[in-house]
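[1] Sequence plus predicted model, see below.
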Amino acid sequence: MNMEERIRRINELYHKSQNEGLTDAEKAEQARLRAEYVANVRANLRGQLDNVDIREPDGTITNLGEKFGNKNTH
């Protein structure tokens with residue numbers, strides 16, 4: 001399922017939840033799809049930020065991906 005299909009299904013489930021409610025299986029599907037969507041958005045944002053360079057006041061260039069890429073160092 002591509003991202004457009006996931007978004008469409010998330011919206012379908014949202015509207016159904018507002019109108020008639022969801023089954024337990026649909027609630028689980030909705031939670032899974034939302035988690036996949038959020039993970040995709042985070043990955044895309046990380047990919048963009050990894051390509052951002054910042055010129056520091058001292059003139060050096062800092063790449064955000066290199067500076068913040070490894071969460072275990074902070």
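    Ah, there it is.

[2] any low-confidence regions in the protein?
    Scanning the chain for pLDDT under 70 picks out the ranges 70-74.

[3] before we move on, which element is the residue nearest to the spatial centre of it in?
    In the chain, the centroid-proximal residue (CA atoms, centre = their mean) is residue 41; its distance is 2.4 Å. Per DSSP states H and E, residue 41 falls inside helix 24-49.

[4] After that helix, which helix or strand is next?
    strand 53-55.

[5] And for that following strand, what's in contact with it?
    Here strand 53-55 makes contact (CB atoms under 8 Å, 6 or more residues apart in numbering) with 61, 62, 63, 64. Backbone N, C-alpha and C define where each C-beta goes, glycine included.

[6] Between those, which sits nearest residue 4?
    residue 64 (28.6 Å; CB to CB).

[7] circling back to that earlier point, how much space separates the residue nearest to the centre of the chain from residue 14?
    Going from residue 41 to residue 14 by CB to CB, to the nearest Å gives 17 Å.

[8] next one: residue 31
    Counting by CB to CB, the separation of residue 31 from residue 14 is 12 Å.
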